[in-house]
Every structure is written in C-alpha cells, then in structure tokens.
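Visitor: Give the three-dimensional model of this entry:
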Amino acid sequence: MGFLSAAWSAFLEKLESTQSENRPGKIKHNFGGAPAHISDSYSLCSCAVSIYQELFTPLQRYGLDAFVSISGKPHSTGSSERIQLSGMYNVRKGKIHLPVNRWTRRQAILCGTCLIVSSVKESQTGKMHVLPLIGGKVEEVKKHQHCLAFSSSGPQSQTYYICFDNFTEYLRWLRQASKVASQRISSVDLSCCSLEHLPANLFYSQDLTHLNLKQNFLRLNPSPSTSRALSELQRFTKLKSLNLSNNNLGDFPLAVCSIPTLTELNVSCNALRSIPAVVGEMHNLQTFLLDGNFLQSLPDELEHMHQLSYVSLSFNEFTDIPGVLEKLTAMDKLCMSGNCMDTLNLQVLKRMPHIKHVDLRLNSIRRLEADEIDFLHHVTQLDLRDNKLGELDATVFNNVEVLHCERNQLVTLKISGYFLKALYASCNGKCIFKVAVVLSLYLVLCEINHLENLPEWVCDSRKLEVLDVGHNQIRELPARLFNNSSLRKLLAGHNMLGRLPDRLERTQVEVLDVQHNQLLELPSNLLLKADSLRFLNASANKLEMLPPATLSEETHSILQELYLTNNNLTDKCVPLLTGHPHLKILHMAYNRLQSFPASKMAKLEELEEIDISGNKLKAIPTTIMNCRRMHTVIAHSNCIEVFPEVMQLSEIKCVDLSCNELSEVTLPENLPPKLQELDLTGNPRLALDHKTLELLNNIRCFKIDQPSAGDASGAPAVWSHGYTEASGVKNKLCVAALSANNFCDNREALYGVFDGDRNVEVPYLLQCTMSDILAEELQKTKNEEEYMINTFIVMQRKLGTAGQKLGGSAVLCHIKHDPMDPGGCFTLTSANVGKCQTVLCRNGKPLPLSRCYVMSCEEELKRIKQHKAIITEDGKVNGVTDSTRILGYTFLHPSVVPRPHVQSITLTPQDEFFILGSKGLWDSLSMDEAVEAVRNVPDALAAAKKLCTLAQSYGCNDSISAVVVQLNVTEDSFCCCELNGVPPPSPGIFPQSVNVVIKDRPTDALGMPSSSSGMASEISSEISTSEMSSEVGSTASDEPPQVAMNENSPAYPGEQRCMLHPVCLSNSFQRQLSSATFSSAFSDNGLDSDDEEPIEGVFTNGSRVEVEVDIHCSRAKEKQLLQVPVEASDEGIVISANEDEPGLPRKAEYSAMGTIGRRRGNGSVAPHERSHNLIEVATDAPLRKTGGYFAAPAQPDPDDQFIIPPELEEEVKEIMKQHQEQQQQQQQQRQYPMDHLADYYDTPL
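Guide: Prediction:
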C-alpha cells in the first residue's frame, strides 16, 4: 500500500503543477479500504493522462488500470457491513435468567459464518470465543431494549446475548446475522467489497465450504505484513468452491493447489498468462474456469485431473485446440469462444470422442479443415456464431442436433438432417441452403437472409414445430406448409407476402405472425380451419376485411390475442369479432373505424385489453361493462366526446383517452381499487371541477393538460413536444422521459428518454438529475461534445450505489443557439448510450443522430476482447448487458463505459421533427417507419402516442417511452452561409407582396458604413419603424413598396448565401422603401419648395424617406467593394450603404434578437405588417451599432427632430465631401486595427 500511496501522491503533485494550464478532474481519495479512484465529470486532460501512464503503468499488474478510473468502484457502507460487523457491546453468555452470568463489556465481531466474542473485558486481545451461526438462531430479546440472542446449532449449542447501543446497530446486526443463520451450507459472499486482502476474522470460519471473492482487488502478496494474503487460503480445509474471478491477479494463486477438498475453482478475468504445472495435484477438481485471460497453452499435467469434467477457456488467445484436452475424458463440452482461431481442424475433434458440445463463437474461423474425415459421430451441438465463414459443409457432423451459424458470411450451407432438430442461420445475407434429408427438424430460424422463396426442405420437415423466416423478401408461402400437422408457430413478418394460400385444410398452427407484409385480405377459411389458433398478428398490412370465424352461431375459435393495427379495416369487420368469444387482447388501432356497436362489445366478455386508438370513434359503447376482466382501455386519438363507463370495471388498471374531444368526466363515488393510470391529456375542451381533480389525484399516474402560459416573450414557437410512457411486463414502468421547452432560458430546450431495462430506479434517477448536471456543465464549457460527455460521466458518479449493479440507457437532445447571436441558427446536439436513440426527420427522410454500441459493432467487439470480458451465449457482457456503452454497471468497467455518442447538427427549415425513443420502440419500429408514421400527425402528443401504440401492436412487451419534438425553424432563424449553399426550397421570410429591386451601382460613390458595422440595422430599425415615425411626429405609411428581383445580377463567384444573409452583389444593392415620414419646422413637407436644389445624400420630398440598404451577411469574408453614392430620387432621399471601405477592417458583433412582434434592442416594436419584413431581416442579421449617418439615437427622444433646414443644405453638402476625402486619405496612410475601430460614426449635424 505504501508504493501505491507514493505513486498516488506523485500523481497529485504533477497534476496540481499543471492546474494553471489545464483543469484536472476532481480527485476522490479513499484509502480506508477502497483503492483510489477518480470520479469526476471531466475526463483527464492530455497532460494528466501522460502523467497517469508514467506513474501507474508499472502498477497495472496489480489491477490499478481497472479501478483508477472515472468509473472506479467506491467502497460503500453496504460492502463494509458484508465484510464484518464489530463493536464494543454489553455481552452475556448462557441462559439469561441464571444469576451466575453477568453482563460485561466485550468486543463482538460478526464475520463470515461466525460470531466472535473476546474473552478479555473491553479488549481484542486474548482468546476469542467463536460461535458458528450456520443453522442456528438469531432471536429478539423483548425483556431488554435492542437485545439479540445468538444461538448455534447442534446438541452442544451455546447462546450469547448482545445489547446494542442504538436501534440502527440493532437492525444492522439482526439483518446480517439472520441471513447467515438461515443458510443451509457454510458459504460467505464477499464479492464487490473492494477487498485488497482477506479479513483476518474470516479465518475463524473453519467450517467454510463456499467462498465468493470475485470483483475485488486482491493481491497475491499484499505489502503490509499483517495483511492476510491469498497464500493463507489453504487454512480453509473444508473449502469446496472458490471464486477469485475479476481480481486481476496477474499470476496463478498457488495456495489453492493445497486445498484437497476443492472441487470448483474460478480464476477468470485475472490477466493470467500461464497455468503452473502444480495444478495437476488438484485431483478432486471438477470445474475449472479460466475465461478472460491471456492463455495460449495449457500444461500437460492437467491430464492427471481425472475428475475434471468442465474446463472453460473462452476469451483467451488460443490459436488451436490444446492437445491436453484429448486426455480429459470426463469433459463433454469444448468451451473456446472468443479466441484467435482462424481455422478449425476437424482432425483434433476426431481425437476427442468424449466431446459432444462444441462452442467456438466469436473466433475468426474462415474455413474448416476436413481432410480424410468421414463423419464426426460424437458431436451433437455445434456453435459457430459470429465467425467469418463463407461456406459451411456441416454434413460431416452427421449426428448434429443443434447447429448455430448466425452472423457469418455464408453463401452456401450444407447440412445433413437425419438428427437435426434446430437450425439457427439468421443474418447471413443471400445464403443457399443445401439440405440432404430432414427427419427430426423442429426449429428453423432464418431471419434476415434475403430469402425470396421458402426452401422445399422446410415444407418436407414433418416434425417442424417452429419456423421463423421474418425479415426476408418472401412473396408466397406454399399451402402444404400450413397443412403440416406438426407446425405450431409460424413467424413470417416483414416480408413481401401479397397473399396467403387460399385453400387451407385443417392446420394446427397456434401462433401466426404475418405483420408488415402487403396482404389485402386473409384467406376466407383461415379462421375456420385454424381452430387451434391462439395468436394472430396481421398488423401493418392493407387489410379491409376479416374472414369469418364461423358459419353458424356455434364457434370453435379459441383465439385469444388479435393484433390488426395499422390496416384499412372498417366498421363491417366488427361483427365478425363476436366469433371469437375467448378473445382477451384486441388491438385495432389506426384503422377506419367510426363506431363499435354495443351489441358486439357485449359478447366479448373475456376481453382484458383493447386498443382502438387512431380511429374516428365518437364513443365507447356502454356495454364495455360486460367485460368484467378488462384491465386496459386505450382509445387515444379519436373523436370521443363522452367519458366511457370504464370506471365501473373493478379490474381496470390503465385508461388512455388522450387526444380526444372530452368535455367532462363522469366518475363513480369510489374509484376502481386497481386503477393505476389515467391519461386525459390532449382534450382541449375538458374542464374538471375541484372535487373531480381531488378525486383523480389519488391515482398513481394521472395526466391532464396544465394551463399553458405560452411564451412570455411573444415569439413564435420554434419547437413543441409530446411524450408518452407505457409499462411493460409485470406492469413495471422501467422508462422515464424528460422535457424542458424552456431550458436555462427561453431560447433553449432539453429532451431525454431513459430506459432501465428491467429496473425502475435508474431511469428515475436519470430523469431527476441529468438536466441539472447539464445546466452546470453549460456554465463551464460551450463545446457540445465536451459538455455532453461531461454530463454523462458526472451522472455515472451520481448514480452511486444504484449504479454499481444496475444500469440504464439514456439519450439527451439539447437545442440551443449562439448566445452572442440571438437571431442566429439553432443547433441540435444529441448524446446517447445504450439503445435509446434519436432520429431527425429532414425533408421527409430519417437522419439518425444516435449510435447503438452493441456486440455487432466491430470496434466495440475488439475493445471488449482487449479487456478480456466474457460475452455469454445471449450476447451480453458477463451476462448482464448487451450494450457496451451504458450508464451504471460500474463493476463491468472498463468493458462497459458511460462515454456517449455525441452528434451536433444545425437545424434548417427542412427539419420537421425529431423522435427520441427507448429500446422497446426501436426494437419494434425502424427509423424509416417511425418517421413515416408520424410525419403527417399535426400534434406532437398524438404522434408520440401513435409510436407507442404501433410498437405494442408489433410485439413489444418492454416498457416504452417516446418523445416527439416538432420543429418550426424559419428562414429568419437559419443561416446556411457556412454550409456553402442555399437551403432547399421552403417558405421564405419575404412575402409575395414585397419584391427586391437590384440596381446597378455607379462607380463613383460615397463611402458609407455598411450593415455589418451597424448602419443597415440602425437605419432599418430606427428610421423605418412606425414607432420612430410616431416619435418624430409623423404618420407611417402602410403602402407596401413595389420591388422586383433581377436574377441575372452578378454575385460573388463561388459563394452562396442564405435568405437571412443574401449575397452582397458587387454591382448592385437591395432596395427597400421605408414607411417612415418626417416632419419639418419650416414646411409641412420638410422643405419649403420642390424647386430648391436638393442636397446630395439628404434629399427628401418630406412625405417619405426612401432608404436603399445593402443587406448582407455579417459573418461573410471581407470583400473589396466599389463605393455607392447617394443618389437623388423622385420619391425622396436615397441612402446607399455599402461594405466598409476597402482595407478597413470591421468589428464583428451581433445584434439583439429581433422577431416580429417583439421589443428590439433600440426600444422599438415591429408591428405585424408585411411591408416591414425586409427591414426585419436587416435588423436580425447584422449587429447594430449606436449612431450612424442621419439616424436617430439608440433610444429615440421625442424632442430630437430630424430636421434639415434649407439654409444648411449647401454647408452639409460641403462637410460631407470633406469627410469623404478625409476617410480616403486615412485609408491610404494606414489600416485601422479592429480594436481602434470607432463604435459609431459622428454625423456633421
């Protein structure tokens, strides 16, 4: 421990020395039992990483690379309690009623399977009394407060009484001791306790038979001399099972070879590179687990272990099958998945006739060498999943019963089916199956293989019970397949079936799934002949009618589950449902139903769940009260006006009537006792009185629309959202959604979806915490990837104890804009771990913003193998999770990490909406299907509800959460200048009545400040608005200007601009007529006479000022532009503002947010007039600087009259010319630096 402390101190000193340049992570140091670890939101900076590698690389053999990490495992109070409980208490031995025995203050320890009491008063020295508790009793003593009686088992049992000081300690001892006493075998579980050495008191448990020490930090020889090393394990003379996995030992613990009674040893994931020959002395060992190490060979001495029946060598570095296994005749299974084999030599298998089950998953096998091999009769199960086989000739395994060859690259597959019972061949592309004889085959899984026709040998399989050919391209199923008397389950969804066989004889199919095909109708006699059918899913087809179940009043149908969602069914099919009296689950959502007759509903008495959402129903029949077993009614997105009688059902649990037209709710005096969820959102006419609300608030999950205050700023909504959550199996809601339309301020939003798989705690913790963490991280950095990654890492730490054994998927979507450019673009940043994902609908097409990191990812599989994690047969890391990046599960670090996938994208007017969904949603719907399903749904809540309903009808049994965020990004909040292109066609910001005139610029021009320096914004926002007009005492004109666009005007070569920042033409300008007029002190029109010679640059007819403004992008590169003069016009003053003078750098700034109807930075409020739209663009695009030529002050004063007396016209003209000459001279002499650029321009007035 001393070397660790010294290294850690050196690391801290070096890290502090770099603190001025880089921000290190916060260090959480705990030497009280747990190793040091870093647990902060920030990943180590590059210098810290180098320091870490320099100091801690020599310590990797001790396992520090596994726990000096962001996800290091803390030493919790719960784990210390499991190690031992101790304290100084009042103790009494023997019967409590005897006066001989007295209470004394003694040291008491509960460790392992024993109660240990010191013999010396108030001391730990001397002899210790040991009381075995296995099979004993732990009882409460009522005569004394906080007192327990501990008794051993057997004829010579003893009893100790202990009085505890407080109730907390009393409960802690009672819980732990009762657990030990209730055990039937003498076992101790000290897994995940952050142990570095064995507890000394553990060795008092001499009768110990099972010891679990996995997921610790044990060492072979700990540095303190007083520490108990693994070499003392031989003191447990009765030990049978020992688990030392995931301790990163580095070397094999030789002490275990001296335990003669040991029958099971697990040393997996310990970075072992060799096995010593002395292991051959463990003659009683039966199970030897060596997974997840760096082994390349085994010692020959293993042949002396005659009782060894199971050896697991998965995820090591073997390139071939070890020869010593040929002599271990007690073995019947070869476990070598995840190794480095590229060729399978069948000669080796032939020399191992005792092997029946061969597991070679996740190797790199490309071919099988079968030279001079006839048949391998002894192999009955062969697993070659996730290899790189192009061809597989499995006919040599003539007795094989189960064959796994999924996720290879098979082109041809040859098998002999004499004894073949199960064939798994999914995900192999266009594979050609060559089957010799099929006699015993009962299960075939051939999903995602691009099959166009069903192989003939499948129909010839007379014992076939289960056939899964989903996600192929099959267009037709043969009739004889349905006539197979043994077929029980047929899964043919997601194909291209246009019809099913018309003439069906008696079929024994019990489960039929034909969803996501192109069926126009079902066979007319399907339900008549399939009298064994219990489950039918025909969702996502084009059905308009259902076949009858009976031709008379008597029916033999036993159908229990019927899924018909997303078809074209009408009211005509409802009477046919009465032919299924045993129906329990009915899903007919998103069809064309307009009514559900009450008489028909009354006959479905056994109905338990009904989903009729997305139709045009105006009412649910009152006869639903006949369905006494009904527990779920889902009828959202209809036109229901009257609240149904569902509250009269005693078994009702869930009622969803959202997105309807309810106006009132009728409730009984007492709510149903099992009611857990009532959703009434999306009913705008619904008004509930106080009494009803008080009653409904007693429901665990009651949803109703809250009164909306709207956007306080008055801006049009850029985004709106709707979300839904649905529980899965066992009615557990293991998902959660997060929505914040106004996150941090009114111009940001945050949405999230969290999925805990089967646990409830983690999603709830994520929902309550992640928004606060993100808000804190936004204060520290504005880089999207950085603050998102930091958010997830901090969340990993805050999960605390819950995150040690539990985990969850998460996706966050953050909408923001540049705070320095309030009128600029919006950015959508998505970050996800696990299987929660986001998809954006852009121009009607899905654009994925997330990535799902699972075992199918090549780079993730490589990383997992490098860390020597074990991937079980169900494709999960250590049998826990199939996601390699997920929150929680800290004990799986570094194989499983919380680092998210982050992607940022600039929102455009073509972005319609985006969807956040949990694992259950994306397992049931593809992103293309989800986008297409809700693209035409105008309401975000109804869209989210639809996604959830579709997923459940398509077979999802997990909890589901969906968030739909609809976008309304307009041109005035989108800039594509950096995209080097003009956005696709979309509704622009220029109304049709406003055109733009492009006029050629004269070469002789007067230099004026550009809009990028604030001039255009100043003129447009302070001269042309109606408020400015009223301030100076004149009336604004409502006459819209008539302008036209010259499409042939030259622009910058190779540069394209958006409508928010149009191209600044070299020989043209954009001209917008202002509506503002100005009064004069000398005449009503501002000048005494039209005969007077107008002044250059300031001419006006007094009735209207015409402003010619060059509106251009403030973010564009500086261009050398010709100067534009002020020209006279018949309509009045024409001010031409062009780019800054050549060579004069301009200071990039940003304007205050300006939107129609909102108050601007200069105090004006733009009215909702079409004639001001172009001026709106001018004010939003560049930054307005205070002041400017002939511009009113930033805050207009009514006393400031914009007056140009006639006697000053000549003088003003002269001053302006002088000013121009001075600017040209200054430009020739020197360039003004950006910092010295004036913030405003002084006017000669």
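
Visitor: contacting residues for the residue nearest to I365 when sequence neighbours are not counted?
Guide: Excluding the flanking residues, the one nearest I365 by C-beta to C-beta, 6 or more residues apart in numbering is N387, at 4.3 Å. Quick note: C-beta positions are derived from backbone N, CA and C, even for glycine. The contact partners of N387, by C-beta atoms under 8 Å, 6 or more residues apart in numbering, come to 360-366, 408.

Visitor: Pick the one among the residues you listed closest to I474.
Guide: The closest of the contacts of N387 to I474 turns out to be N408 (C-beta to C-beta; 21.1 Å).

Visitor: Relative to V379, how far out is that closest one?
Guide: From N408 over to V379 the distance is 18 Å, taken as C-beta to C-beta, to the nearest Å.

Visitor: hang on, the earlier thing: and the pLDDT at the residue nearest to I365?
Guide: Reported pLDDT at N387 in the predicted model: 94.

Visitor: do the same with S231
Guide: 85.

Visitor: Could you give the number of residues near it?
Guide: Here the number of neighbours of S231 (other C-beta atoms under 10 Å) works out to 15.

Visitor: Next: the one 5 residues further on.
Guide: Number of residues near F236 (other C-beta under 10 Å) recorded here: 22.

Visitor: so I864 is in which element?
Guide: When elements are assigned from DSSP states H and E, I864 belongs to helix 858-866.

Visitor: Pull that helix out as CSV, backbone CA atoms only.
Guide: Extracted in CSV, the C-alpha atoms of helix 858-866 (Å, rounded to 0.1, in the frame of the first residue of the first chain):
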residue,chain,number,x,y,z
GLU,A,858,-16.7,-4.4,-34.9
GLU,A,859,-14.7,-1.8,-32.9
GLU,A,860,-16.7,-2.4,-29.8
LEU,A,861,-16.2,-6.2,-30.0
LYS,A,862,-12.5,-5.7,-30.4
ARG,A,863,-12.4,-3.4,-27.4
ILE,A,864,-14.3,-5.9,-25.3
LYS,A,865,-11.9,-8.7,-26.3
GLN,A,866,-8.9,-6.5,-25.4
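
Visitor: Do me a favour and average the pLDDT over the next helix or strand after that helix.
Guide: Using DSSP H and E, the helix or strand that directly follows helix 858-866 along the chain is strand 887-888. In this model, strand 887-888 carries a mean pLDDT of 95.

Visitor: for whichever helix or strand comes after strand 887-888, packing partners?
Guide: With elements assigned by DSSP H and E, the helix or strand that comes after strand 887-888 is strand 901-906. For strand 901-906, the elements it packs on are helix 784-798, strand 826-833, judged by 3 or more C-beta pairs under 8 Å, 6 or more residues apart in numbering; DSSP states H and E.

Visitor: if you compare these, which one is most tucked away?
Guide: Comparing those by mean neighbour count (mean count of other C-beta atoms under 10 Å), strand 826-833 comes out on top with a mean of 24.

Visitor: elements contacting that strand?
Guide: Counting contacts by 3+ C-beta pairs under 8 Å, 6+ apart, strand 826-833 packs against helix 784-798, strand 807-817, strand 837-842, strand 901-906.

Visitor: In the third one, which residues are buried?
Guide: Under the neighbour-count criterion of 16 or more other C-beta atoms under 10 Å, strand 837-842 has 837-842 buried.

Visitor: Nearest to S309, out of those: which one, please.
Guide: The nearest member of the buried residues of strand 837-842 to S309, counting by C-beta to C-beta, is Q837 at 44.3 Å.

Visitor: Run through who's touching stretch 369-384.
Guide: By C-beta under 8 Å, 6+ apart, the surrounding residues in contact with stretch 369-384 are 337, 343-347, 349-350, 352-361, 365, 392-394, 396-405, 408, 419, 873.

Visitor: Quick one: distance of that stretch to the chain centre.
Guide: Relative to its parent chain, stretch 369-384 has a centroid offset of 44 Å by C-alpha atoms, centre = their mean, to the nearest Å.

Visitor: Give the buried residues for it.
Guide: Applying 16+ other C-beta under 10 Å to stretch 369-384 flags 370, 376, 378-384 as buried.

Visitor: Which residue in those has the weakest pLDDT?
Guide: Lowest pLDDT among the buried residues of stretch 369-384: A370, 83.

Visitor: ok, now how distant is the residue nearest to I365 from L849?
Guide: Distance, N387 to L849, by C-beta to C-beta: 33 Å.

Visitor: what's the closest of the helices and strands packed on strand 901-906 to S637?
Guide: strand 826-833 (26.8 Å).

Visitor: Contact partners for the nearest residue to A869 once chain neighbours are set aside?
Guide: The shortest distance from A869 to any non-neighbouring residue, by C-beta to C-beta, 6+ apart, is to S895 (3.7 Å). Residues in contact with S895 (C-beta under 8 Å, 6+ apart) are 863-864, 867, 869, 877-878, 884.

Visitor: For the residues you listed, name the two members farthest from one another.
Guide: R863 and N878 (14.6 Å).

Visitor: Of the two, which one has the most company?
Guide: Neighbour comparison, R863 and N878: the larger count goes to N878, with 21 against 17 (by other C-beta under 10 Å).

Visitor: Quick check: buried residues in the helix holding I864?
Guide: Applying a neighbour-count criterion of 16+ other C-beta under 10 Å, the buried positions in helix 858-866 are 860-861, 863-865.

Visitor: likewise stretch 354-371?
Guide: Using 16+ other C-beta under 10 Å as the test for burial, stretch 354-371 gives 354-356, 358-363, 365-366, 368, 370.

Visitor: which two from these end up farthest apart in space?
Guide: Spatial extent of the buried residues of stretch 354-371 (C-beta to C-beta) is set by the pair H354 and R366 at 27.2 Å.

Visitor: hang on, the earlier thing: save the buried residues of stretch 354-371 as JSON lines, and put in secondary structure and distance to V937 too.
Guide: Below are the buried residues of stretch 354-371 laid out as JSON lines (DSSP: H, G, I helix; E, B strand; the rest coil; distance: C-beta to C-beta, whole Å):
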{"residue": "H354", "secondary structure": "coil", "distance to V937": "62"}
{"residue": "I355", "secondary structure": "coil", "distance to V937": "57"}
{"residue": "K356", "secondary structure": "coil", "distance to V937": "55"}
{"residue": "V358", "secondary structure": "strand", "distance to V937": "52"}
{"residue": "D359", "secondary structure": "strand", "distance to V937": "48"}
{"residue": "L360", "secondary structure": "coil", "distance to V937": "49"}
{"residue": "R361", "secondary structure": "coil", "distance to V937": "43"}
{"residue": "L362", "secondary structure": "coil", "distance to V937": "43"}
{"residue": "N363", "secondary structure": "coil", "distance to V937": "48"}
{"residue": "I365", "secondary structure": "coil", "distance to V937": "49"}
{"residue": "R366", "secondary structure": "coil", "distance to V937": "49"}
{"residue": "L368", "secondary structure": "strand", "distance to V937": "53"}
{"residue": "A370", "secondary structure": "coil", "distance to V937": "58"}
